[in-house]
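Provided below are the primary sequence and the corresponding predicted coordinates.
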Amino acid sequence: MSVNTELSARAADRARGCPFAAAPGHEDTDLNGPVARVRTPAGIDAWMVNRYEDVKDVLSDTTRFSSAAGSINHMLPRMWPPQPMEPGDFNRMDGAEHLRFRRAFGIEIGAAKRMDALRPSVQRIVDEALDAIAGAEQPVDFHELFSKPVTTAVIADLMDVPYADRQLFHDSAAAALDISMDPEIATAAFDKLKAYVRKLLVDRRENPGDDALSHIIARSEAGDRPFTDDELESIGFALISAGFDVTAGMLTFIMLTLFEFPAEMARLVADPSLAPTAVDEFVRFLPGDVGILRQAVADTEMGGVQIKAGDYVIAGIGAAGHDESVFPDPETLDLARTPNSHLSFGRGPHACVGQQLARLELRVALETVLRRVPSLRCAVPVAEVPLRQDNIVPGPAHLPVLFDAVLPVREETP
Amino acid sequence: MIHVETDTDLCIASGVCAMTAPAVFDQDADSGLVVLLDADPGEEQTAAVREAATLCPNAVISLIER
């Protein structure tokens, strides 16, 4: 299904409150206003906050807002009302309980030095994926044959699991993000991955390696309150299934955006050192989220609206990234934008744990694709590229590309 | 001049500070928690330190203007 509007206009629309409808009794609410009363696809009524400072406040102030309802359950009819909390469901925990988990695995994908150590393997994975598409029949689907293999291989590498098992990971990620998936199919996909992680746990206890899960097990067993197997299963499950699909979607979306803005693409080709600011600008500019769900735990006021304890609140991260009081000329894509304190990776204790890994992958992929495939172009008009319809994360469903040649890997000077 | 303080009780080991201002912030090799290398950084670090404080997800870094 094609959507024939300009990508940038779509980006802005999505950032400003789509895909929600006004809640009953609030038909005159301005969905783009500072605070809107909305009904979500899962059928819950919530306050959607759109201003930068308010969004930051909702995500950061844990004395007023709890994570217990889950981050994206307002989008998933099968998840609402919320399932009972399972052991290790750290995404829905608050305070010290949550920190216990966060600190156990955050370092594995969040430490600056780990990222430096990972860079060569990310580079190798990106180069191998480009070598593989060099000989493929054109047009090549950039999403299926580049973005997904790269981000899946990085997580497989980090966990030291075979890339050949990728279908299990893909099925689980789809189950987590597809709004319309049948609940039984989703549950079956989750169960398969959980069983896989269980086997992995047993194996890593007997044969510890130099991988994220082995490190977490070792650190846990040396600590005051070791994780139970159920809790470890949740951690391993999250590490394997979260992130790679979202990062792949963003990578493909970035490529499409460069096709739409050739002047910005030329700027990046001329100055590859812009890649770090470019990645954060894409993450700010592109619609990558449907808001993050929170629940008020105290009566509070926001943008002139009284919010009661127990009310659901959606932090409109995308809208916040287009708040002109923080981002001058917010509808302009400026790959050198700095400072750029967007909230697209979240804020507060639940801020995206994989954000440094995502940045690393996106930077390396972007630099390398532009250097090795300078002739890369969209095989169809940009407006005809099909967008995902049922996935929580917006972006192209496919991206057909053409190119003249894939240049060899750059020779490293000794 | 700015004076820097950190509250490791709040730290979630996101690594944002060490990426943004590596001359001033490091991370503990095992826990990933913030390690303050220089509580009174020179003027040339001011911009990076301010950015790190702004970007820190859990408001772990406080800046005191002097």
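Thanks, I have it.

ok, which stretches of chain B are helices?
B:16-20, B:46-55 (DSSP state H).

so which of the ones you listed is the most surrounded?
helix B:16-20 (a mean of 25; mean count of other C-beta atoms under 10 Å in any protein chain shown). The C-beta positions use only the backbone N, C-alpha and C, and glycine is treated the same way.

does chain A sit close to it?
Yes. Counting by C-beta under 8 Å from any C-beta of the partner chain, chain A is contacted by helix B:16-20 at B:16, B:18-19.

and that helix, what does it pack against?
Secondary-structure packing of helix B:16-20 (3 or more C-beta pairs under 8 Å, 6 or more residues apart in numbering or on different chains; DSSP states H and E): helix A:112-134, helix A:355-372, strand B:25-27, helix B:46-55.

quick one, what contacts B:Ser14?
By C-beta atoms under 8 Å, 6 or more residues apart in numbering or on different chains, the contact set of B:Ser14 is A:106, A:110, A:351, A:353, A:355-356, B:56-58.

just give me the closest of the residues of helix B:16-20 next to chain A to chain A.
B:Ala18 (3.9 Å; C-beta to the nearest C-beta).

so who does the closest residue to the closest one other than its chain neighbours touch?
Sequence neighbours aside, A:Ala112 is the residue nearest to B:Ala18 in space, at 3.9 Å (criterion: C-beta to C-beta, 6 or more residues apart in numbering or on different chains). Under the criterion of C-beta under 8 Å, 6+ apart, the neighbours of A:Ala112 are A:356, B:15, B:18-19, B:22, B:26-27.

if I look at the nearest residue to B:Pro57 once chain neighbours are set aside, how far off is A:Ile314?
Of all residues not flanking B:Pro57 in the chain, A:Ala351 sits nearest, at 3.3 Å (C-beta to C-beta, 6+ apart). Look at A:Ala351 and A:Ile314: by C-beta to C-beta, to the nearest Å, they are 17 Å apart.

the more surrounded of the two?
A:Ile314 (25 against 22; other C-beta atoms under 10 Å in any protein chain shown).

quick check: closest non-adjacent residue to the more buried one.
Counting by C-beta to C-beta, 6+ apart, the residue nearest A:Ile314 is A:Gly291, at 3.9 Å.

any idea how many residues pack against that neighbour?
28.

and chain A, which residues reach chain B?
A:60, A:99, A:102-103, A:106-107, A:110-113, A:115, A:219, A:339, A:341, A:345-349, A:351, A:353, A:355-356.

returning to what we had before: just the contacts of A:Ala112 now: which is nearest A:Ala242?
Taking C-beta to C-beta as the measure, A:Ala242 lies nearest A:Gln356 of those, at 14.3 Å.

so what's that closest one up against?
A:109-112, A:115, B:14-16, B:19.

let me see the ranges of the strands in the stretch 1-150 of chain A.
Taking DSSP state E, counting those that start in this stretch as the test, the strands found in the stretch 1-150 of chain A are A:21-22, A:35-39, A:45-49, A:65-66, A:140-141.

got CSV for these, with mean neighbour count and mean pLDDT too?
Listed next are the strands of the stretch 1-150 of chain A as CSV, based on neighbours: other C-beta atoms under 10 Å in any protein chain shown; pLDDT from 0 to 100:
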stretch, mean neighbour count, mean pLDDT
strand A:21-22, 16, 88
strand A:35-39, 21, 93
strand A:45-49, 24, 95
strand A:65-66, 22, 98
strand A:140-141, 20, 98
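
in JSON lines: the ones you listed, plus distance to A:Ile254.
Output for the strands of the stretch 1-150 of chain A, formatted as JSON lines (distance: least, C-beta to C-beta, whole Å):
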{"stretch": "strand A:21-22", "distance to A:Ile254": "30"}
{"stretch": "strand A:35-39", "distance to A:Ile254": "29"}
{"stretch": "strand A:45-49", "distance to A:Ile254": "26"}
{"stretch": "strand A:65-66", "distance to A:Ile254": "31"}
{"stretch": "strand A:140-141", "distance to A:Ile254": "16"}
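
now mean pLDDT and distance to A:Ala36 too, for the helices of chain B, in CSV please.
As requested, the helices of chain B are exported to CSV (pLDDT from 0 to 100; distance: least, C-beta to C-beta, whole Å):
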stretch, mean pLDDT, distance to A:Ala36
helix B:16-20, 92, 30
helix B:46-55, 94, 27
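
for A:Gly70, which of these is the nearest?
So among the helices of chain B, helix B:16-20 is nearest, using C-beta to C-beta, at 24.3 Å.

CA atoms only: put the closest one into PDB for me.
Extracted in PDB, the C-alpha atoms of helix B:16-20 (Å, rounded to 0.1, in the frame of the first residue of the first chain):
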ATOM      1  CA  VAL B  16      25.900   9.200  27.700                       C
ATOM      2  CA  CYS B  17      28.300  11.300  29.800                       C
ATOM      3  CA  ALA B  18      31.400   9.300  29.000                       C
ATOM      4  CA  MET B  19      30.500   9.600  25.300                       C
ATOM      5  CA  THR B  20      29.800  13.300  25.400                       C
END
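
what's near enough to touch the residue lying farthest from the centre of chain B?
Distance from the C-alpha centroid of chain B peaks at B:Asp30, with 17.7 Å (C-alpha atoms, centre = their mean). Residues in contact with B:Asp30 (C-beta under 8 Å, 6+ apart) are A:107, A:219.

quick one: A:Met48 and A:Val38 touch, right?
Yes. Between A:Met48 and A:Val38 there is a contact under C-beta atoms under 8 Å: 4.7 Å.

the residue most central in space within chain A: what secondary structure?
Central residue of chain A (C-alpha atoms, centre = their mean): A:Val246, 4.0 Å from the mean position. A:Val246 carries the three-state label helix when classified by DSSP: H, G, I helix; E, B strand; the rest coil.

just A:Thr252 next, same as before
A:Thr252 is classified as helix under three-state DSSP.

dump the residue contacts of it.
A:142-143, A:147, A:395-396, A:399.

one more pass at 10 Å, please.
A:141-144, A:146-148, A:385, A:388, A:395-399, A:401 (C-beta atoms under 10 Å, 6 or more residues apart in numbering or on different chains).

and the least confident of these?
Lowest pLDDT among those: A:Arg388, with 85.

the residue nearest to that residue when sequence neighbours are not counted: neighbour count?
Nearest non-adjacent residue to A:Arg388, counting by C-beta to C-beta, 6+ apart: A:Ala397, 4.8 Å away. A:Ala397 has 17 neighbours, counted by other C-beta under 10 Å.
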